[in-house]
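Engineer: coords below, sequence missing:
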């Protein structure tokens, strides 16, 4: 068994399902203890039972609630005596464009996806400073521009990317705390599978994704994202800070796929 995170304590927001759950599972496999957070109490309890109560503790609360960040950090210190790393994974993902987005919805998206990570980093900083710890923000490739119907979500992830670069400089110099970000591409989570069904796709849509979107013939698994996370939380990433890394099976900046029969349906001859 690998032990790249041996004896570290890692707080993973939004870890009752999906990518966050996979990150928590991988952290424990690597020797860490974890704070599980989310909104799905039954799923969180099942995950803690799977990981072991000596390895995981659960906190259910909306991250935008007043004092939520303080309660999460206090739980880590009370339960495990310290906090080595924060993974800001929790996010609100909801489709909308300029015509269907009002200010209240936009503000809610920014509260969850951008301001809640800021709040947690600020509250956790005194504990992270003690251990020269790490923050890893889970962004999205939508941060670079985004899907047309993911307008507020994409803006919130773009802002998170700037937050990462800004604090990745400041906190490394002033506190010895590194701040980095990964931008996952298209990942097959439970919630993504459900969203695409709601968008009218077939139940097995993920088996028929065109190669222009998935050259490998499939989209990414949460466990593949979790495997990449370990490097950014482990001591092996050293003083690297302020970095943003895309995790997708093709480039995003400057990509120009072929416009031929390999990408555009053509009538049978």
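Structural biologist: Received it, and whenever you're ready, just let me know what you need. Bear in mind the structure is a predicted one, so any value in this text is a computation, not a measurement. Numbering: from 1, shown residues only.
Engineer: list the residues that contact the residue nearest to residue 91 when sequence neighbours are not counted.
Structural biologist: Computed as C-beta to C-beta, 6 or more residues apart in numbering, the closest residue to residue 91 that is not its neighbour in sequence is residue 113, at 5.1 Å. The C-beta positions use only the backbone N, C-alpha and C, and glycine is treated the same way. Residue 113 sits next to 91, 92, 153, 156, 157, 160 when contact means C-beta atoms under 8 Å, 6 or more residues apart in numbering.
Engineer: make a markdown table from these and add distance to residue 244 and neighbour count to it.
Structural biologist: Formatted as a markdown table, the contacts of residue 113 follow (distance: C-beta to C-beta, whole Å; neighbours: other C-beta atoms under 10 Å):
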| residue | distance to residue 244 | neighbour count |
| --- | --- | --- |
| 91 | 16 | 26 |
| 92 | 20 | 18 |
| 153 | 17 | 24 |
| 156 | 15 | 28 |
| 157 | 10 | 26 |
| 160 | 9 | 26 |
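Engineer: from those residues, which ones fall inside strands?
Structural biologist: For these, not one is inside strands, with DSSP state E as the criterion.
Engineer: farthest-apart pair in those residues, please.
Structural biologist: Using C-beta to C-beta, the two most remote members of those are 92 and 160, lying 12.1 Å apart.
Engineer: show me the helices in the stretch 51-200 of the chain, by range?
Structural biologist: Ranges of helices in the stretch 51-200 of the chain, per DSSP state H, counting those that start in this stretch, are 68-80, 103-110, 116-131, 151-175, 190-198.
Engineer: turn the ones you listed into a markdown table, including mean pLDDT and distance to residue 142.
Structural biologist: Below are these laid out as a markdown table (pLDDT from 0 to 100; distance: least, C-beta to C-beta, whole Å):
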| stretch | mean pLDDT | distance to residue 142 |
| --- | --- | --- |
| helix 68-80 | 98 | 25 |
| helix 103-110 | 98 | 12 |
| helix 116-131 | 98 | 16 |
| helix 151-175 | 98 | 4 |
| helix 190-198 | 86 | 13 |
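Engineer: the ones you listed into TSV, with extra columns for distance to residue 49?
Structural biologist: Output for the helices of the stretch 51-200 of the chain, formatted as TSV (distance: least, C-beta to C-beta, whole Å):
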stretch	distance to residue 49
helix 68-80	16
helix 103-110	32
helix 116-131	25
helix 151-175	32
helix 190-198	18
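Engineer: any figure for the gap between residue 148 and residue 97?
Structural biologist: Residue 148 sits 6 Å away from residue 97, going by C-beta to C-beta, to the nearest Å.
Engineer: now residue 51: how far from residue 58?
Structural biologist: Residue 51 is 10 Å from residue 58, by C-beta to C-beta.
Engineer: which of the helices of the stretch 51-200 of the chain sits closest to residue 242?
Structural biologist: helix 151-175 (2.7 Å).
Engineer: now for the closest one, which elements pack on it?
Structural biologist: The contact analysis (3 or more C-beta pairs under 8 Å, 6 or more residues apart in numbering; DSSP states H and E) places helix 151-175 against helix 103-110, helix 116-131, strand 134-138, strand 178-184, strand 244-247.
Engineer: residues of stretch 4-11 that come out buried?
Structural biologist: The neighbour-count check on stretch 4-11 (16 or more other C-beta atoms under 10 Å) flags 4, 5, 8, 9, 10, 11 as buried.
Engineer: with pLDDT and distance to residue 238 as added columns, please give those in CSV.
Structural biologist: Formatted as CSV, those follow (pLDDT from 0 to 100; distance: C-beta to C-beta, whole Å):
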residue, pLDDT, distance to residue 238
4, 98, 13
5, 98, 15
8, 98, 15
9, 98, 20
10, 98, 18
11, 98, 21
